[in-house]
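# Would you be able to build a 3D model of this:
(chains A and B)
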Amino acid sequence: MKTPAVTTKSRAYEKADDERSETAAAPFRYGPSASEEMSEDALKTAIILIPEDIAGKYRQDELEERLRRRLGLGIGARIVCRFDPKADAQAVEETLKGDSGASENRLVFIQEAWQPPIQETLSWIVSIRQKAGVESGFIIGLIGKPSAETIFTPPADTDRMVWAHAVAKQGDPYLRVEVLGG
Amino acid sequence: MEEAHLTDRAPVFAILGHPNEGKSSVVATLAEDDSVRISPTPGETLKCLEYPVSIDGVEVIRFIDTPGFQQPRHSLAWMQNFEGPEANCISEFIRTHQNNPDFSHECELLGPVADGAGIIFVADGSRPVRQTDAVEMEILRLTALPRLVVINPKDESDLTYLADWKAHARKYFNTIRIFDAQRATYAERIELLESLKMIDPDWQAALTYVIDAFKQDWHQRIAETANIIMGLVETAAGHLVKKTCRDFSRMDQVKRELAEKYRADIQHMEQAAHKRIRKRFKHNIFNLELPPRSILNEDLFSSRTWKVLGLNRWQLATAAGAGGGLIGANIDLALAGLSFGVFTALGGAIGAGSAALGTDRMARTKILGLPVGRVKIRVGPIQNDQMLFVIIDRALIYFSHVINWAHSRRDQPQPPANAAAEEKSGYTTTWEGGLKQAGRRFFRAVRKGHTQRIEELKPRMIEAITTQLNNISNE
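Numbers count the residues shown, from 1 in each chain, chains lettered A, B, ... in the order given. Below is the predicted model of the structure:
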């Protein structure tokens, strides 16, 4: 899995799909290709890992919208994480065994970028990755500091770079950072 | 760290917290040490670094900057399962994990805690409280050591989460301080040290000594600053430059050169004095950046400096007019190479007219005729008393910037709340009439080189400047 590049296609899609200034002003896009967004059925789904700190502090439709537009993904299942590697990994395993609806063992972890990537978080990610399978895709979806209206605010550039650097150091081709807020 | 290391000497405080919360900034400000490494990238502090504060060569307090927590949940889980004596929990944790690289940060940061250091937990109050924070605070609660939380809002414009932080911190700490490490003043620094006294009665005596020592040290610095300012005034007031001119056709050129030299000399004196003030307040590494609109960015001789700190044109005219009467038969020239064609002649009225032409005429340029066809040209000393008040005002403003520039600061400061007032007038404009009169007498004595009179008048001037410095410190 490689990081999708910024393409003319995705920009065209933005204009056609949604004219809101919020999305038009976004610095870059990780949207699906035109063929992917044509049908909801074609949308790949993922297991969404949500830290307990922000669980219940967002609107479901906003999360769906963000995932679809930024990552081209639908929600297969949601897991509230307490950063207990065993318990969380088990929850992931059970979800995958069941009918999660997630395609290709794809996981998206929503992370507040201003929280630095401490070893504990990185180890937790590794443990989840192991449980999901070595070739499962794992996306760290960065968001910024919550505002009164939404948790999906843009992360600071410095924070995004810190996370990108920390993830690059892992040397895991199936692990990547994307911007989900903003 | 050896146990005796911490118990035999001055109070020791370990600064702990999550990565990138401003721990190093708090240390830099508390220890007044601008050499503390402060990085915007989290996790850069890997080892504990000690910052001792000494007064007269004796260490009175020590702060230890520590790495941020990396494994808080795992560490807490281990501690909660620890079955030995509570007092041994931290040292046993270190012993158990010291060879595990995953816990290298925790072992390092808990080292001073195991040795009995007081705990200052630093949290960024401009972001939300998260479970990890609660976990870290719980770890510190389990140490049962004296502890205080410093809520350091890194983003001063966002205080949304401050109340939430306070509510959470109260569960784990009995003393909470809001301390903006990048903008803390001297008074706020002392207040934080006072708070440390509260967290353990055993430290009260030692910390009282430390605070008294800090206050004495501060008063000493104020006294030294007052002397530096007085020294500047004395040197500037009496300064003159002179040159003999044999070629009359070059006289204007020589006058211009002398005026430039005179101006450069005075500016150099001012810069040197400011540098000495800065050093008194231990700003040694990073350049103190002045707010963009500060009057200190203006040339001492600029019209804006005079508009802001000096008299207005009418007052200038009156002041110089008074001086003009004393000028007598001297031929005065305008200063600074701007309008050398303008001469003043005798009497107060013409002196006043000259002053009203601009703010550049502060010093006297004398042309002294010599019998053998040569002319000796002299610039200085300063004739306008207001020039000396302006020099004092600029030094006081510089002082206010120096003391409010926290040692953790690496960026451009925002203008202080009273910046507008500063822009309107200098501190000395608030001096009462008698004091200003004493100032003028002092300046006159310096100009004339009346040593005895200078010594008589100096104490009052020093007292006035010291009072002003103290007032600025407590603002």
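# so A:L180 touches A:L142, yeah?
Yes. Counting by Cβ atoms under 8 Å, A:L142 is a contact partner of A:L180 at 6.0 Å. Where C-beta positions appear, they are placed from N, C-alpha and C, glycine not excepted.
# How are the strands of the chain distributed by residue range?
Because you didn't say which chain, this covers chain A. A:44-51, A:73-81, A:107-112, A:138-143, A:175-179 (DSSP state E).
# Chain B is the one I meant
For chain B, applying DSSP E gives strands covering B:12-16, B:49-55, B:58-65, B:118-123, B:147-151, B:176-178, B:241-245, B:332-333, B:343-344, B:363-369, B:375-382.
# For A:R82, find the nearest of those strands.
Set against A:R82 and scored by Cβ to Cβ, the strands of chain B come closest in strand B:118-123, at 21.1 Å.
# In the sheet, which strands lie alongside that closest one, parallel or antiparallel?
When sheet partners are counted by DSSP bridges, strand B:118-123 sits next to strand B:12-16 (parallel), strand B:147-151 (parallel).
# Save those as a markdown table, and put in mean neighbour count too.
Shown next, in a markdown table, are those (neighbours: other Cβ atoms under 10 Å in any protein chain shown):
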| stretch | mean neighbour count |
| --- | --- |
| strand B:12-16 | 27 |
| strand B:147-151 | 25 |
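# okay, these in TSV with mean pLDDT next?
Below are these laid out as TSV (pLDDT from 0 to 100):
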stretch	mean pLDDT
strand B:12-16	95
strand B:147-151	95
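# Export the ones you listed to a markdown table and append columns for distance to B:K376.
Below are the strands paired with strand B:118-123 laid out as a markdown table (distance: least, Cβ to Cβ, whole Å):
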| stretch | distance to B:K376 |
| --- | --- |
| strand B:12-16 | 64 |
| strand B:147-151 | 64 |
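# I'd like the strands of chain B written out as a markdown table, with distance to A:D172 added.
Output for the strands of chain B, formatted as a markdown table (distance: least, Cβ to Cβ, whole Å):
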| stretch | distance to A:D172 |
| --- | --- |
| strand B:12-16 | 31 |
| strand B:49-55 | 33 |
| strand B:58-65 | 32 |
| strand B:118-123 | 31 |
| strand B:147-151 | 36 |
| strand B:176-178 | 41 |
| strand B:241-245 | 72 |
| strand B:332-333 | 78 |
| strand B:343-344 | 82 |
| strand B:363-369 | 73 |
| strand B:375-382 | 72 |
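# Deepest-packed of those, please.
Highest mean neighbour count of the strands of chain B: strand B:12-16, a mean of 27 (counted as mean count of other Cβ atoms under 10 Å in any protein chain shown).
# Just the CA atoms from that one would do, formatted as PDB, please.
Presented in PDB, the C-alpha positions along strand B:12-16 are these (Å, rounded to 0.1, in the frame of the first residue of the first chain):
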ATOM      1  CA  VAL B  12      16.100  19.600  44.700                       C
ATOM      2  CA  PHE B  13      13.100  19.600  42.400                       C
ATOM      3  CA  ALA B  14      12.500  17.200  39.500                       C
ATOM      4  CA  ILE B  15      10.500  18.700  36.700                       C
ATOM      5  CA  LEU B  16       8.300  15.900  35.300                       C
END
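# and the residue of chain A nearest chain B?
Of all residues in chain A, the one sitting closest to chain B is A:P116 (3.6 Å; Cβ to the nearest Cβ).
# quick one: that residue and B:E21 touch, right?
No. Judged on Cβ under 8 Å, A:P116 makes no contact with B:E21 at a distance of 9.3 Å.
# In terms of neighbours, single out the busier of the two.
B:E21 (27 against 19; other Cβ atoms under 10 Å in any protein chain shown).
# coming back round to it: make JSON lines from the strands of chain A and add mean neighbour count and mean pLDDT to it.
Putting the strands of chain A into JSON lines (neighbours: other Cβ atoms under 10 Å in any protein chain shown; pLDDT from 0 to 100) gives the following:
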{"stretch": "strand A:44-51", "mean neighbour count": "22", "mean pLDDT": "92"}
{"stretch": "strand A:73-81", "mean neighbour count": "19", "mean pLDDT": "92"}
{"stretch": "strand A:107-112", "mean neighbour count": "25", "mean pLDDT": "96"}
{"stretch": "strand A:138-143", "mean neighbour count": "25", "mean pLDDT": "96"}
{"stretch": "strand A:175-179", "mean neighbour count": "21", "mean pLDDT": "95"}
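# Any idea which of these gets closest to B:S400?
With Cβ to Cβ as the measure, strand A:107-112 is the member of the strands of chain A nearest B:S400 (38.7 Å).
# Mind listing the strands the closest one pairs with, and their directions?
Strand A:107-112 sits in its sheet next to strand A:44-51 (parallel), strand A:138-143 (parallel), going by DSSP bridges.
# Count the residues that sit near B:G22.
Neighbours of B:G22 under the rule other Cβ under 10 Å: 27.
# cool, and the one 10 residues further on?
Taking other Cβ under 10 Å as the neighbour definition, B:E32 ends up with a count of 19.
# Kindly report the same for B:E156.
So B:E156, with other Cβ under 10 Å, has 12 neighbours.
# quick revisit: could you tell me the least trusted of the strands of chain B?
Lowest mean pLDDT within the strands of chain B: strand B:343-344, a mean of 26.
# Can you list the low-confidence ranges for the chain?
All of this is about chain A. Applying pLDDT under 70 to chain A flags residues A:1-42, A:99-104.
# That was the other one, I meant chain B.
B:1-9, B:34, B:36-40, B:283-295, B:300, B:302-373, B:405-425.
# at 50 instead, please
Counting by pLDDT under 50, chain B shows low-confidence ranges at B:1-7, B:285, B:311-361, B:410, B:412-413, B:415-417, B:419-424.
# Return the residues of it in contact with chain A.
Within chain B, the positions near chain A by Cβ under 8 Å from any Cβ of the partner chain are B:18-20, B:40-43, B:68-74, B:102, B:105, B:127-128, B:130-132, B:158.
# Out of those, name the ones that lie in helices.
Of those, the ones assigned to helices by DSSP state H are B:72-74, B:105, B:131-132.
# hmm, which of the residues you listed are the buried ones?
Buried residues within these, defined by neighbour count using 16 or more other Cβ atoms under 10 Å in any protein chain shown: B:72-74, B:105, B:132.
# Tabulate the residues you listed (JSON lines), appending distance to A:V108.
Listed next are these as JSON lines, based on distance: Cβ to Cβ, whole Å:
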{"residue": "B:P72", "distance to A:V108": "24"}
{"residue": "B:R73", "distance to A:V108": "22"}
{"residue": "B:H74", "distance to A:V108": "25"}
{"residue": "B:H105", "distance to A:V108": "28"}
{"residue": "B:T132", "distance to A:V108": "21"}
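# Nearest to A:D61 among these?
B:T132 (28.7 Å).
# ok, so what distance separates that closest one from B:E475?
Here the criterion is Cβ to Cβ, to the nearest Å. By it, B:T132 lies 38 Å from B:E475.
# and what of B:I462?
Distance of B:I462 to B:E475, computed by Cβ to Cβ: 21 Å.
# Relative to chain A, which residue of chain B is the closest?
Of all residues in chain B, B:P42 sits closest to chain A, at 3.6 Å by Cβ to the nearest Cβ.
# Give the burial count for that residue, as a bare number.
B:P42 has 20 neighbouring residues, counting by other Cβ under 10 Å.
# quick one, what contacts it?
A:116-117, A:162, B:19-20, B:68 (Cβ atoms under 8 Å, 6 or more residues apart in numbering or on different chains).
# Would you point out the most distant pair within the residues you listed?
Maximum distance among the contacts of B:P42 (Cβ to Cβ): 12.8 Å, for A:V162 and B:G68.
# Now for the two: what residues contact both?
With Cβ under 8 Å, 6+ apart as the test, A:V162 and B:G68 both reach A:116, B:42.
# domain parsing for chain B?
Here the domain assignment for chain B is B:3-199, B:222-473, based on automatic domain parsing.
# Relative to A:P85, which of those is closest?
With Cβ to Cβ as the measure, domain B:3-199 is the member of the domains of chain B nearest A:P85 (9.0 Å).
# before we move on, the earlier item: relative to B:M137, which of the contacts of B:P42 is nearest.
The closest of those, once distances to B:M137 are taken by Cβ to Cβ, is B:G68, at 13.7 Å.
# Cool, thanks, talk later.
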